[in-house]
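In: Predicted model and sequence follow; I will ask about them next.
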Amino acid sequence: MSASESIIVPSSIADAIAKQANAELPNEACGYLAGIDNRVELGIPMRNVDASPEHFSFDPAEQFAALKTAREAGLSLIGTYHSHPETPARMSEEDIRLAVDTSMYYAIYSVIEKKLKVFTVDAAKNVSESRVELLDAARNAR
């Protein structure tokens, strides 16, 4: 993945991430992004088992269920997302440390900025921001 690579996200999924982030305040919200290549087709909300405003963890059983949901839809898990309740949409040191899958997108929604940003992290822990292309429902039809 290159720094200039874009990710295509339906507006409905971006809106759902924002809604989940606000609903789960003061804690971080989290989930998976399922799709094909750089096109998100499905957002899969997950429970933040840490119930923390500063970090999140997935439940392993929910992770397996998310993978099954994606596969049944003919999709792959192509990214994760989480919210930053009180900080900008940027990769924190902990986010970078935990970003171990270089094939994944890492989306962060900042509640205070009302902004979704997406990043990739290479094996050397270099972070690149991907351009987010929001699609409305009419353009998203297959």
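Out: Nice, I can see it.

In: What segments of the protein are strands?
Out: Ranges of strands within the chain are 6-10, 30-36, 39-46, 76-84, 105-110, 115-121, 127-135, based on DSSP state E.

In: Now mean neighbour count, distance to Phe58 and mean pLDDT too, for the ones you listed, in TSV please.
Out: (Glycine included, C-beta is placed from N, CA and C.) What follows is the strands of the chain, written out as TSV (neighbours: other C-beta atoms under 10 Å; distance: least, C-beta to C-beta, whole Å; pLDDT from 0 to 100):
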stretch	mean neighbour count	distance to Phe58	mean pLDDT
strand 6-10	20	20	96
strand 30-36	23	7	98
strand 39-46	21	5	98
strand 76-84	23	8	98
strand 105-110	24	14	98
strand 115-121	21	18	98
strand 127-135	16	21	96
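
In: Centre-most residue in the chain?
Out: Tyr81 (2.2 Å; C-alpha atoms, centre = their mean).

In: residues in contact with that residue?
Out: Contacts for Tyr81 were tallied using C-beta atoms under 8 Å, 6 or more residues apart in numbering; they are Ile17, Cys30, Gly31, Tyr32, Leu33, Gly43, Tyr106, Ala107, Ile108, Tyr109, Leu116.

In: what's the closest of those residues to Lys68?
Out: Checking the contacts of Tyr81 against Lys68 by C-beta to C-beta gives Tyr32 as the nearest, at 11.5 Å.
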